[in-house]
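In: task: produce atomic coordinates for the following.
(one chain, ligands or ions: 2)
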Amino acid sequence: MTTQEALEPDMTSEEVTGKPPPNGGRVEHMFQTTKFADFIDRDDALEQPEHIVAQELSVWYREVEAVKKINLGIRKGRVTAIIGPSGCGKSTFLRAINRMNDLIPGCRVTGSLLLDETNINDTRVDVVALRQRVGMVFQKPNPFPKFIFDNVAYGPRLLGIRNRGRLMQIVEDSLRRAALWQEVKDRLFENALGLSGGQQQRLCIARALAVDPEILLMDEPASALDPKATVHIENLISELRGDYTIVIVTHNMQQAARVSDYTAFFYEGDLIEYGDTEGIFTKPKLKQTEDYITGRFG
Ligand SMILES: Nc1ncnc2c1ncn2[C@@H]1O[C@H](COP(=O)(O)OP(=O)(O)OP(=O)(O)O)[C@@H](O)[C@H]1O
Ligand SMILES: [Mg+2]
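Out: Residues are numbered from 1 along each chain as shown. Ligands and ions are numbered 1, 2, ... in the order given. Coordinates of the predicted model:
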């Protein structure tokens with residue numbers, strides 16, 4: 001299967017990438033057509049240790065097993081995409097990584113989820129400290145109705161940082177990392193709700209980065225944004241790659257192919273196939289995966 005068949009059957013390489021096709025239009029390999037092909041060193045990605053390891057991990061909503069005995073290792077400093085049709089357990093799995101499911105009545109987890117070899121489901125784990133290590137960004141940008149500055153300073157203040165100069169430094173660093181600083185540096189003391197949707201999402205990313213997490217969970221972070229704002233978020237993910245372990249849920253196959261090193265395909269709570277993104281999109285082992293990524297169902 002070629003890239004175009006896998007991703008966008010009716011589009012030319014130029015339409016997909018905005019660039020003239022390599023090889024005079026003959027596309028042999030999907031990453032030749034993607035923006036991050038040159039950025040990501042795929043061999044190097046294979047060397048990274050596992051940061052998050054799910055072992056026989058199940059998540060139940062009362063009697064319903066929404067994630068079913070999943071075994072999967074997520075590599076440090078790399079981008080892992082979770083794909084699959086609606087209701088297959090992507091968000092449930094993501095929330096298991098920072099124990100956000102604890103907040104849902106009737107939700108329980110079995111099996112284990114290791115973060116640097118500590119089982120985060122152990123009752124002795126400090127959930128507040130865990131969520132500092134594992135930040136989350138949601139589909140719909142959800143800034144607080146406060147100043148831009150206060151949004152980013154929120155987490156550091158909760159951690160007890162009061163010094164104004166120190167807070168300002170953290171706010172600036174976080175906004176720079178989230179590629180938003182230039183756009184907001186003169187309006188830090190304006191309400192965050194006055195920003196565009198794409199800016200609000202980058203602000204939410206800055207807010208997550210401000211407490212210095214190791215892992216960033218992103219649940220369809222660009223699905224509510226226009227194409228330009230989406231490109232911004234995708235570029236940002238590629239910038240953050242290496243410094244953070246990123247797990248991104250997306251319904252956009254091109255996006256998964258562009259930004260991720262690894263892809264996990266979920267279906268009805270099962271992990272069907274998991275591997276390096278190139279392999280999943282160009283030569284999936286299972287027909288079910290191929291059918292999904294080619295848009296035959298889901
Ligand atoms: N709070 C909840 N209470 C009960 N069942 C839930 C709850 N949240 C999710 N579920 C169920 O768990 C299953 C997995 O849902 P989940 O939201 O993880 O899917 P998803 O893959 O993220 O879907 P989507 O792509 O639509 O966001 C679904 O059957 C859903 O109905
Ligand atoms: Mg979801």
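In: what helix or strand does the residue most central in space within the chain sit in?
Out: Nearest to the mean C-alpha position of the chain, by C-alpha atoms, centre = their mean, lies residue 248 at 2.1 Å. Per DSSP states H and E, residue 248 falls inside strand 245-249.
In: if I look at residue 192, how far off is residue 213?
Out: As judged by C-beta to C-beta, to the nearest Å, residue 192 and residue 213 stand 20 Å apart. To be clear about C-beta, it is placed using only N, CA and C from the backbone, and glycine gets the same treatment.
In: neighbour-wise, which of the two wins?
Out: More crowded of residue 192 and residue 213, by other C-beta atoms under 10 Å: residue 192, with 24 against 19.
In: in this structure the more buried one contacts residue 201, no?
Out: No. In this structure, residue 192 is not within contact of residue 201 by C-beta atoms under 8 Å, at 11.2 Å.
In: what parts of this structure come near ligand 1?
Out: Residues of the chain lying close to ligand 1 by C-beta under 6 Å from any ligand atom are 61, 66, 84, 86-92, 104.
In: tell me the contacts of the residue lying closest to residue 196 once chain neighbours are set aside?
Out: Spatially, and ignoring its direct neighbours in sequence, residue 196 is nearest to residue 229 (7.2 Å; C-beta to C-beta, 6 or more residues apart in numbering). Shown in contact with residue 229 (C-beta atoms under 8 Å, 6 or more residues apart in numbering): 196-199, 201, 222.
In: next SSE after the strand holding residue 248?
Out: Note on strand 245-249: by DSSP H and E, the next helix or strand toward the C-terminus is helix 253-259.
In: the following helix or strand past that following helix pairs with which strands?
Out: The helix or strand immediately downstream of helix 253-259 is strand 262-267, counting by DSSP H and E. Sheet pairing of strand 262-267 (DSSP bridges) gives strand 79-83 (parallel), strand 270-276 (antiparallel).
In: most packed of those?
Out: Counting by mean count of other C-beta atoms under 10 Å, strand 79-83 has the highest mean neighbour count of the strands paired with strand 262-267, with a mean of 27.
In: from the chain's centre, how far out does that one sit?
Out: Strand 79-83 has its C-alpha centroid displaced from the chain centroid by 7 Å (C-alpha atoms, centre = their mean, to the nearest Å).
In: do stretch 182-196 as well
Out: Its chain's average C-alpha position is 24 Å from that of stretch 182-196, according to C-alpha atoms, centre = their mean.
In: what pLDDT, on average, does that stretch get?
Out: Per-residue pLDDT over stretch 182-196 has a mean of 98.
In: mind listing what's buried along that stretch?
Out: 183-184, 188, 192, 195 (16 or more other C-beta atoms under 10 Å).
In: in JSON lines: those residues, plus secondary structure.
Out: Formatted as JSON lines, the buried residues of stretch 182-196 follow (DSSP: H, G, I helix; E, B strand; the rest coil):
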{"residue": "183", "secondary structure": "helix"}
{"residue": "184", "secondary structure": "helix"}
{"residue": "188", "secondary structure": "coil"}
{"residue": "192", "secondary structure": "helix"}
{"residue": "195", "secondary structure": "coil"}
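In: for the chain, what helix or strand is lowest in average pLDDT?
Out: Across the helices and strands of the chain, the lowest-confidence element by mean pLDDT, DSSP states H and E is helix 13-17, at a mean of 32.
In: burial count for the closest residue to ligand 1 within the stretch 101-250 of the chain?
Out: In the stretch 101-250 of the chain, the residue that lies nearest ligand 1 is residue 104 (4.6 Å; C-beta to the nearest ligand atom). Using other C-beta under 10 Å, residue 104 has 12 neighbouring residues.
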